[in-house]
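Engineer: model the following, please.
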Amino acid sequence: MTLPVRRRLLGIGLGLLLLAGCGGGPELAELASDATILAFGDSLTAGTGAKRTDAYPAVLDTLLSQNVVNAGVPGETTAGGLARLPDALAAHRPALVILCLGGNDMLRKLDRGKAKANLAAMIRLVQESGAQIVLLGIPEPGLLLLSAPAFYTELADEFGIPFEDEALPRIISDRSLKSDPIHPNAEGYRQLAEEVRALLVATGAVE
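Structural biologist: Take a look at the predicted model:
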């Protein structure tokens, strides 16, 4: 075997090892059947634009064995969420928190750096409580092709937590899935719940 061929095979082998080491992203510990999941956020969590029973946490509750608590407050900013989170964690003692905040900061054109810092502080509070956390990215308003701002990805990478940033941009881009310009309708929330469930399955939290 010639030296160039050996080098080529060595390079391929190293590449395969690197790919294997990357894995499929952050994983979660499997939740107990009686575990509580806290869906924490703003109107997108509360279910504005649909009945409370059609909000994504309510639909997710029907899809899972675990109890899902809807802790969504319409109009809430990341600063409001940060102030409210300690009491919510103490009251519900969740095993997992689904964090979905930041949209109102963007709508009000508040400082993005502060929004990111508030979200980071909430992630730390959740982790310090012993709960696991999943982050949902909210699309930036006003763009033709909706996408979540980069700070969501940066936070997920920094803390090594599961992250979903495609569901809400896709849903809010589809008029048939919206009740108004920024909120899903019942079908939109159902699809969001299914995407969240798929993420929890993929990360090992539920079967």
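Engineer: roughly how far apart are G80 and S176?
Structural biologist: For G80, the distance to S176 equals 31 Å [CB to CB, to the nearest Å]. From N, CA and C alone the C-beta is placed, and that goes for glycine too.
Engineer: gap between stretch 126-143 and the chain center?
Structural biologist: Chain-centre distance of stretch 126-143: 5 Å, with CA atoms, centre = their mean, to the nearest Å.
Engineer: ok, G80 and S176, which is more surrounded?
Structural biologist: Taking neighbours as other CB atoms under 10 Å, G80 and S176 compare with G80 leading, 16 against 8.
Engineer: what's the closest non-adjacent residue to A55?
Structural biologist: G47 (2.5 Å; CB to CB, 6 or more residues apart in numbering).
Engineer: equivalent analysis for T45, please.
Structural biologist: Going by CB to CB, 6+ apart, T45 has G72 as its nearest residue, at 2.9 Å.
Engineer: so what's that neighbour up against?
Structural biologist: 39-47, 55, 57, 100 (CB atoms under 8 Å, 6 or more residues apart in numbering).
Engineer: what are the phi and psi angles of K178?
Structural biologist: Main-chain dihedrals, K178, degrees, to the nearest 10: phi -120, psi 150.
Engineer: so what sits opposite it in the bridge?
Structural biologist: P184 (DSSP bridges).
Engineer: hang on, isn't it packed against Y189?
Structural biologist: No. Counting by CB atoms under 8 Å, K178 does not reach Y189; the two are 10.5 Å apart.
Engineer: who has more neighbours, those two?
Structural biologist: Set K178 next to Y189 and count neighbours by other CB under 10 Å: Y189 wins out with 28 against 17.
Engineer: tell me the bridge partners for the spatially most central residue of the chain.
Structural biologist: In the chain, the centroid-proximal residue (CA atoms, centre = their mean) is L136; its distance is 2.2 Å. Here L136 shows beta-bridge partners E164, assigned using DSSP bridges.
Engineer: return the residues in contact with it.
Structural biologist: By CB under 8 Å, 6+ apart, L136 lies in contact with 41, 98-100, 163-165, 167-168, 196.
Engineer: try it again with 7 Å
Structural biologist: Shown in contact with L136 (CB atoms under 7 Å, 6 or more residues apart in numbering): 98-100, 164, 168.
Engineer: show me those residues that map onto helices.
Structural biologist: L168 (DSSP state H).
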